[in-house]
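A.B. asks: need a 3D model of the sequence below.
(one chain, ligands or ions: 1)
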Amino acid sequence: MTKFVKVGDLKIGGGAPIVVQSMTNTDTKDVEKTVKQIKALKNAGCKIVRLSVYDEECVEALKRIKKMVSVPLVADIHFDYKLAISSIKAGVDKIRINPGNIGAKWKVKEVARAAADRGIPIRVGANMGSIDESYLKKFDDRIEALVKSAMDEVETLESLSFDDIVVAVKSSDAVETVLANEKIARLTCHPIHLGVTEAGVYEDAVVKSAFAIGHLVHEKIGDTVRVSIAGDPLKEVATAYSILKAVHALKGIEIIACPTCARTEINVESLAEEIKNELSDINASLKVAVMGCVVNGVGEARDADIAVFGTKSGGIIYEGGTKIGKVKKEEIANTLKKIVEKHLERGENNANR
Ligand code: SF4
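C.D. replies: Next comes the predicted model:
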């Protein structure tokens, strides 16, 4: 098990539930837009939000933002150790630096001292895209180079008696991300931040992240995750939760839906989306099936705790394999929510697992 660090009131590592984080893509100096996005991320379930801090004006904005939001904030710093120190003083809950581009060791030491004074952790690590050339020249194996680069950063902080460390090794290649994290997990006890960096546009990013993060979490590697998608960060959060639920690392309602065929009697996609939204705030391990018809549906949904089968006028609902009634189309989502709530009241949130 990894050690843990505290980010605000949250624990990362030490066996705590995996923390989903994301990053704003607004200009940090635009306080109004940034606060709006942070609040939207929090409402979507994001537990930690990272912001780019690239000059002193961003630090001034950060001070104001910090007072307006409740989710822990991470300042993302490159090159300038003074920005890291001002961000720490501005009240951030964690910083992400790259000691390799912060420069002289005394500068890293200043940052570590400021972080230690405020009791906040530092995330270090390496990205394959920005790894120092010297590592790639020194090691034939790219994974070796990536991991060594990250471990050198960890050791720099440890040599300064700083131990509140989170480490990340990332690549835009999902397989490299898996191999690097498997390797670093054998070398360090510090919590691990997982993610495929610069993963691409939506479909590509989802597939790469699902493979890499899902695989690693299933192997019990990783303490916090950030799915990286070019676009809306809210999608990063939704994707992260879907991955974690798929590998049973988090509880949650699992909506299964048939792919539809010529027998379909209802719009399965929109109904499944509607049901997913209706049940999104329920914290229980339940499988809900949305099927296009009753012909094969009953057999195909055998595994589900609750199932709805489309008919021309609405849906037939089954609970625990038993038919409990028919409802009109517009009442399906709400009826399922009531059934789920009753299910939970009876303490049957794990009926078919
Ligand atoms: S449940 Fe019905 S509609 Fe859906 S794929 Fe099976 S047969 Fe087709």
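
A.B. asks: how is the protein divided into domains?
C.D. replies: Listed by automatic domain parsing, the domain ranges of the chain are 4-246, 253-345.

A.B. asks: dump the helix or strand bottoming out on mean pLDDT in the chain to PDB, restricted to CA.
C.D. replies: Taking mean pLDDT, DSSP states H and E as the measure, helix 297-300 is the helix or strand of the chain with the lowest mean score, a mean of 74. Extracted in PDB, the C-alpha atoms of helix 297-300 (Å, rounded to 0.1, in the frame of the first residue of the first chain):
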ATOM      1  CA  GLY A 297     -34.200  -8.800 -23.600                       C
ATOM      2  CA  VAL A 298     -35.400 -10.800 -20.600                       C
ATOM      3  CA  GLY A 299     -32.600 -13.300 -21.100                       C
ATOM      4  CA  GLU A 300     -30.000 -10.800 -22.000                       C
END
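
A.B. asks: same for it, what does it pack against?
C.D. replies: In this structure, helix 297-300 makes packing contacts with strand 286-291, strand 306-310, judged by 3 or more C-beta pairs under 8 Å, 6 or more residues apart in numbering; DSSP states H and E. (Each C-beta comes from the backbone N, C-alpha and C, glycine too.)

A.B. asks: what is whichever helix or strand N181 is part of packed up against?
C.D. replies: Assigned by DSSP states H and E, N181 belongs to helix 174-187. Here helix 174-187 touches helix 142-159, strand 165-170, helix 202-218, going by 3+ C-beta pairs under 8 Å, 6+ apart.

A.B. asks: spell out which parts of this protein neighbour the ligand.
C.D. replies: Taking C-beta under 6 Å from any ligand atom as the test, the list of the chain residues beside the ligand reads 258-261, 263-264, 291-293, 295-297, 300.

A.B. asks: so which of those residues is the most crowded?
C.D. replies: Ranked by the number of neighbours (other C-beta atoms under 10 Å), the residues of the chain next to the ligand place M291 first, at 31 neighbours.

A.B. asks: ok, what's across the strand from that residue?
C.D. replies: F309 (DSSP bridges).

A.B. asks: count of residues packed around the residue lying closest to L194 once chain neighbours are set aside?
C.D. replies: Excluding its sequence neighbours, the residue lying closest to L194 (C-beta to C-beta, 6 or more residues apart in numbering) is G222, at 3.9 Å. By other C-beta under 10 Å, 26 other residues sit near G222.

A.B. asks: G222 touches I18, doesn't it?
C.D. replies: Yes - the pair G222 and I18 passes the contact test of C-beta atoms under 8 Å, sitting 6.3 Å apart.

A.B. asks: show me the contacts for V217.
C.D. replies: Listed by C-beta atoms under 8 Å, 6 or more residues apart in numbering, the contact set of V217 reads 18, 194, 225, 243-244, 247, 249.

A.B. asks: let's verify Y318: helix, strand, or coil?
C.D. replies: Per DSSP: H, G, I helix; E, B strand; the rest coil, the local secondary structure of Y318 is strand.
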